[in-house]
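[1] no FASTA, just this:
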């Protein structure tokens, strides 16, 4: 059975995208699901956060696999969380857009082909995307069945038109199975009116695609990356840790809405 493949993307940066990808992956792994986290962002934030084995040239192995082929098993490395493996990224991936643009054959489905070599090793694959629209994002959307969209503030809403149009284009040309899996309020400030306005606007536009659990703003989430741990390990009793557990339960239980 093929792993459930989930991209995490918002074309607006600074929305907590990597936090959602890393912490959601960690919670699923902690609950006994073998998870693969693919860091497609050349900044390599998810790779640095997860700890575990380090590459001498971060991102070089992933870039080579996308361009020349290979197997995902050969470039996946264990993280500090049992059951969570990571395909690392880093500065070498800054060359990916240029190289993929020059590829004459299937430049937008290289990641999909790479993931299809995985067999049944992982039950869930999460892809942390760069914010900028380009070949890497297209590869992620072509490889995945759904995309989760973190929303941190009112500015995060500005990119949703681009996101919806991009998903529709990928559906039409590359991956008809792709769907928006849901919108996550990734930096909740529930006492502020603007937070209520954002949830209301999302609800009016996307209805049940807005996840009930949100991630409350919490110091532990900001501190966890520097300790190389997900928030559920760094501060297991924090509100954010509870938020991510609730979110993971809903993400995994929810059927992707088609149509």
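    Received the coordinates, thanks. Every value quoted in this text rests on a predicted model; they were computed, and no experiment measured them.

[2] pull the distance from the lowest-mean-pLDDT helix or strand in the chain to the chain's centre.
    None of the helices or strands of the chain scores lower by mean pLDDT, DSSP states H and E than helix 193-206, at a mean of 78. With C-alpha atoms, centre = their mean, to the nearest Å as the basis, helix 193-206 stands 22 Å off its chain's centre.

[3] same question for stretch 14-31.
    Counting by C-alpha atoms, centre = their mean, stretch 14-31 comes out at 8 Å from the chain centroid.

[4] so who does the closest residue to residue 13 other than its chain neighbours touch?
    Spatial nearest neighbour of residue 13, chain neighbours left out: residue 131 (4.1 Å); criterion: C-beta to C-beta, 6 or more residues apart in numbering. For the C-beta atoms, the positions are set from N, CA and C on the backbone; glycine is no exception. Applying C-beta atoms under 8 Å, 6 or more residues apart in numbering, one finds that residue 131 lies in contact with 9, 10, 11, 12, 13, 17, 41.

[5] which ones are touching the second one?
    Right, residue 10. Counting by C-beta under 8 Å, 6+ apart, residue 10 makes contact with 17, 131, 149, 150, 151, 156, 159, 163.

[6] most neighbours among those, please name it.
    Neighbour count (other C-beta atoms under 10 Å) singles out residue 149 as the most crowded of the contacts of residue 10, with 30 neighbours.

[7] in which helix or strand does residue 56 reside?
    Counting by DSSP states H and E, no helix or strand carries residue 56.

[8] what distance do you get for it to residue 88?
    According to C-beta to C-beta, to the nearest Å, residue 56 and residue 88 sit 11 Å apart.

[9] over to residue 78?
    11 Å.

[10] the two: which has the busier surroundings?
    residue 88 (27 against 14).

[11] quick one: mean pLDDT for stretch 138-145?
    Mean pLDDT, stretch 138-145: 97.

[12] who's in contact with that stretch?
    By C-beta under 8 Å, 6+ apart, the list of residues contacting stretch 138-145 reads 4-7, 9, 38, 40, 66, 100, 108-112, 114-115, 125, 127, 129, 147, 166-167, 170, 174-175, 177-179, 256.
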